[in-house]
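J.: Give me coordinates for this.
(2 chains)
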2 protein chains.
Amino acid sequence: MIRKTRLFTPGPTPLLPAAQFAMAAADIHHRTPEFRAMFQKVLAQLKVFVGTKNDVLLLSSSGTGAMEASVSNLTSPGDRVLVLSAGKFGERWVGLAKAFGCEVDVVSAPYGQTFDLEAVRAALKPEHRVVFLQATETSTAVRHDVEGIAKLVRETEALLVVDGITGLGTTHFDVDGWGIDVLIGGSQKAVMIPPGLSYLSVSDKAWAAMETSKNPRYYFDLRKERKNAAKGESAYTPAVALIAGLGAALDYIAGQAGGDLEKGRIALVDNAQVNAAATRAGLVALGFTLFAPTAPAAAATAVAVPEGMNSGDVVKALKTRFALVTANGQGEMQGKIFRVAHLGFFDYLDTVALLGAMEHIAKDTLGLPVEYGQAVAAAQRVYADAVNSGQ
Amino acid sequence: MIRKTRLFTPGPTPLLPAAQFAMAAADIHHRTPEFRAMFQKVLAQLKVFVGTKNDVLLLSSSGTGAMEASVSNLTSPGDRVLVLSAGKFGERWVGLAKAFGCEVDVVSAPYGQTFDLEAVRAALKPEHRVVFLQATETSTAVRHDVEGIAKLVRETEALLVVDGITGLGTTHFDVDGWGIDVLIGGSQKAVMIPPGLSYLSVSDKAWAAMETSKNPRYYFDLRKERKNAAKGESAYTPAVALIAGLGAALDYIAGQAGGDLEKGRIALVDNAQVNAAATRAGLVALGFTLFAPTAPAAAATAVAVPEGMNSGDVVKALKTRFALVTANGQGEMQGKIFRVAHLGFFDYLDTVALLGAMEHIAKDTLGLPVEYGQAVAAAQRVYADAVNSGQ
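T.: Residues are numbered from 1 along each chain as shown, chains lettered A, B, ... in the order given. Purely as a prediction, here's the structure:
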């Protein structure tokens, strides 16, 4: 039987065909007027997609490269910083800040949960030069309250750096209104292209802070990137095909709203939120437990398998039987949870297909008491309600 | 909300990505060793895919071109032929045979039904030079009993020409054992590439008959194609990219069975049959009536909407709400039936997605009493039974 490969991982996400075609056609040199025109167009589109008046830069690196750039450009060895950590990517901020010699204070939340704002307020010290956090913690599929946290950080002198790698395109940000100094995105997420690019918005306050920071940086020197971007170029050889693909994807997102990229971005977030809500309803109907019940992300859904069962069996069976690729839990969550994504190029019928497959796996692999159609039906009710309410 | 375009039409069918990439890469001239090697490989693959020791030729035309070739190469003006007609494509045989001056006898079956073998036996006359029929009548989604009809034709001197355009890859043929003199296929069907190519197997008896037929032909002169094919070339400029895509698709079909194209062809037929059976169960569960209950094709399923409703509304709503493209009935069946396809690059989760969408349409557009999940559940039971029985 034919089994079409279906990626349901929270990065890489399914590729947009129009972006694939643009990548295949990207046979141009990067020091030419053709490239400069394309690069400037994509940078302008990214400003709208991020939703900011700040500069937005594009780096040929994974999202971690932009995270490193935020640390190396904004801190000096010995600086005290605050990391809000509730999962593997929160821990990455800690690792990065320590690698660049920072004194790191941490506000933690257990896996599957988000931060207590009072704990954040209590932890914030006048000495903190930067506060780092995720908008959504991909490893646990939790959404953090960036707006609430930004409000607390704004009462201090600290810079606010937000990893929005899976948050952008799945949750709304008011970058300038909330005072997010750096907001980071990645290409293999909501923007529907393969890994290899990261992008980040940088506020005036962040640009000013860079002048005094003493950490070494070269490839990720944001001031150099900014200078080159003004001329329509990147500092070093850029991933040209990915940039062409990104432009095509942003065109597609705008095209979903009659050419208006801002509205298209909002529609993309709504799309992820409806699919996430439908998926949650379907998986709960099958007997799984939401891993992040209080603050579920729209980027991905993490569910725990019933006690005594192994989430790896679900991931493996979905792959073997249906060529459907999901993600196991990471680190200590491995075997306990599995994750399915909604960010980027997913539609409602993908959700229906996923849940149809999950019903077979829940029944045959886990031996749960499944009545065929029950997960799909739960998702259908959520979808119908969303449609009726005008989404 | 994102809506991915999903073709569920019985041609064109969804494109295989590997074939798309091969088409994009097909930047070669057609009078070169590179092309000749590719062409000969594809012709050899087609013999296995058709399942015959006969020659198989490839024409740069739609399937109707190969139908015309069968008429123009095998008949002379004034020849008496028998057409078995039960739909739009049966009628096309009548039109073609008349266009080339044949005296046409017809055995008809009403739309949605297949032929009474006794009626075929009674109609067959010693003067009939050729018998023309469809393996599956795409306009009504009916499968005809090619084996039974071939048995009757073998008792006469007539040639047997079968339009297998949607039959190949959805039903089993024993071309040589049954004595099918010409069996015709098209590219935009089970072989997962765009329209533009047809192919046909030609028996020794058919080659002999061509020597005496007096109808004019040039582009579709099969003897010329055969002579060129022996050298690895086509008589006229071939659709090079489509041939490259066809080779990639046949590689994929073989790859589904460990590289064995014959087994891959059987698996492809099984795939269509399971998806067709699951779809029939799902649509019947929703209250639709099978249009061809006695001889349903695996290529496509045709269902009638309840009395007083318009099938065009279903087709339109599926397109508008879910970007899901299905086919209305043709001719006098327009508005009464709609058709969804299973031939080629479809998998079970496509069927689940289709039925999930159909539940919303049946409820919202037609006002049928739908319980969410019921069509999906009916399909899931069929699929689970097929898996358990080893398909």
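J.: For the stretch 151-300 of chain A, what lies in contact range of chain B?
T.: A:256, A:267, A:268, A:270, A:271, A:274 (C-beta under 8 Å from any C-beta of the partner chain). For the C-beta atoms, the positions are set from N, CA and C on the backbone; glycine is no exception.
J.: Next, the buried residues of the strand or helix carrying the fourth one.
T.: This points to residue A:270. Assessed by DSSP states H and E, residue A:270 sits inside helix A:261-285. Buried residues in helix A:261-285, counted by 16 or more other C-beta atoms under 10 Å in any protein chain shown: A:261, A:264-265, A:267-285.
J.: That helix - what's its average pLDDT?
T.: Averaging pLDDT along helix A:261-285 gives 98.
J.: Can you spell out which helices and strands pack onto that helix?
T.: Judged by 3 or more C-beta pairs under 8 Å, 6 or more residues apart in numbering or on different chains; DSSP states H and E, helix A:261-285 is in contact with helix A:33-50, helix A:240-255, strand A:289-290, strand A:300-304, helix A:348-364, helix A:374-388.
J.: Return the distance of the third one from the chain's centre.
T.: Per C-alpha atoms, centre = their mean, to the nearest Å, the displacement of strand A:289-290 from the mean C-alpha position of its chain is 21 Å.
J.: what does that strand rub up against?
T.: Applying C-beta atoms under 8 Å, 6 or more residues apart in numbering or on different chains, the contact partners of strand A:289-290 are A:280, A:283, A:284, A:296, A:301, A:302, A:303, A:304, A:306.
J.: What residue, apart from its backbone neighbours, is nearest the residue in the stretch 201-350 of chain A that chain B sits nearest to spatially?
T.: With C-beta to the nearest C-beta, the shortest gap between the stretch 201-350 of chain A and chain B falls at residue A:349, namely 4.0 Å. Once flanking residues are discounted, residue A:349 sits nearest to residue B:353: 4.0 Å by C-beta to C-beta, 6 or more residues apart in numbering or on different chains.
J.: Now do the same contact list for residue A:10.
T.: A:138, A:141, A:166, A:189, A:299, A:300, A:327, A:339, A:341, A:343.
J.: Can you tell me the closest non-neighbouring residue to whichever residue of the stretch 101-250 of chain A sits closest to chain B?
T.: Here the stretch 101-250 of chain A gets closest to chain B at one residue, residue A:192, 9.6 Å apart by C-beta to the nearest C-beta. Computed as C-beta to C-beta, 6+ apart, the closest residue to residue A:192 that is not its neighbour in sequence is residue A:16, at 3.9 Å.
J.: Tell me how many other residues surround that neighbour.
T.: Other residues near residue A:16 number 22, with proximity taken as other C-beta atoms under 10 Å in any protein chain shown.
J.: I'd say it and residue A:247 touch.
T.: No - counting by C-beta atoms under 8 Å, residue A:16 does not reach residue A:247; the two are 11.4 Å apart.
J.: In terms of pLDDT, where does the residue in chain A that chain B sits nearest to sit?
T.: Distances between chain A and chain B by C-beta to the nearest C-beta are smallest at residue A:373, namely 2.8 Å. Note on residue A:373: pLDDT of 98.
J.: quick one on the thing from earlier: show me how far the helix holding residue A:270 is from its chain's centre.
T.: Relative to its chain's centre, helix A:261-285 lies at 14 Å (C-alpha atoms, centre = their mean).
J.: show me where the stretch 101-250 of chain A has helices.
T.: For the stretch 101-250 of chain A, the helices defined by DSSP state H, counting those that start in this stretch occupy A:117-123, A:146-154, A:175-178, A:204-210, A:222-230, A:240-255.
J.: Can you give me the buried ones in the last one?
T.: Right, the one you point to is helix A:240-255. Within helix A:240-255, judged by 16+ other C-beta under 10 Å, the buried ones are A:240-254.
J.: residue contacts, the closest residue to residue A:172 other than its chain neighbours?
T.: Excluding its sequence neighbours, the residue lying closest to residue A:172 (C-beta to C-beta, 6+ apart) is residue A:269, at 5.9 Å. Residue A:269 makes contacts with A:169, A:170, A:171, A:172, A:298, as judged by C-beta under 8 Å, 6+ apart.
J.: What's the local residue count around the residue nearest to residue A:84 when sequence neighbours are not counted?
T.: Once flanking residues are discounted, residue A:84 sits nearest to residue A:133: 3.9 Å by C-beta to C-beta, 6+ apart. Residue A:133 has 28 neighbouring residues, counting by other C-beta under 10 Å.
J.: And residue A:133, what's its pLDDT?
T.: 98.
J.: Give me the distance between it and residue B:97.
T.: Separation of residue A:133 from residue B:97 (C-beta to C-beta, to the nearest Å) stands at 75 Å.
J.: try residue A:136
T.: Counting by C-beta to C-beta - residue A:136 and residue B:97 are separated by 66 Å.
J.: between those two, which one's more packed in?
T.: Counted by other C-beta under 10 Å, residue A:136 and residue B:97 do not tie: residue A:136 has more neighbours, with 31 against 25.
J.: next one: phi and psi at residue A:213?
T.: Backbone geometry at residue A:213, expressed as degrees, to the nearest 10, gives phi -80, psi 140.
J.: Counting neighbours, what do you get for it?
T.: Residue A:213: 19 neighbours (other C-beta under 10 Å).
J.: Quick check: chain neighbours aside, which residue is closest to it?
T.: residue A:76 (5.0 Å).
J.: three-state assignment of that neighbour?
T.: coil (DSSP: H, G, I helix; E, B strand; the rest coil).
J.: my read: it touches residue A:211, true?
T.: No - contact between residue A:76 and residue A:211 fails when scored by C-beta under 8 Å: they sit 11.3 Å apart.
J.: Which residues of the stretch 1-150 of chain A lie near chain B?
T.: So the stretch 1-150 of chain A meets chain B at A:1, A:2, A:3, A:4, A:6, A:24 (C-beta under 8 Å from any C-beta).
J.: Mind doing that once more with 6 Å?
T.: Residues of the stretch 1-150 of chain A lying near chain B by C-beta under 6 Å from any C-beta of the partner chain: A:1, A:2, A:3, A:4.
J.: which residues sit in contact with the third one?
T.: Put plainly, it is residue A:3. A:322, A:323, B:347 (C-beta atoms under 6 Å, 6 or more residues apart in numbering or on different chains).
J.: How much space separates it from residue A:325?
T.: Distance of residue A:3 to residue A:325, computed by C-beta to C-beta: 11 Å.
J.: So which of the residues of the stretch 151-300 of chain A next to chain B is the closest to residue B:361?
T.: Using C-beta to C-beta, the shortest approach to residue B:361 within those belongs to residue A:274, at 18.0 Å.
J.: need the contact list for residue A:245.
T.: Here residue A:245 is in contact with A:19, A:22, A:23, A:193 (criterion: C-beta under 6 Å, 6+ apart).
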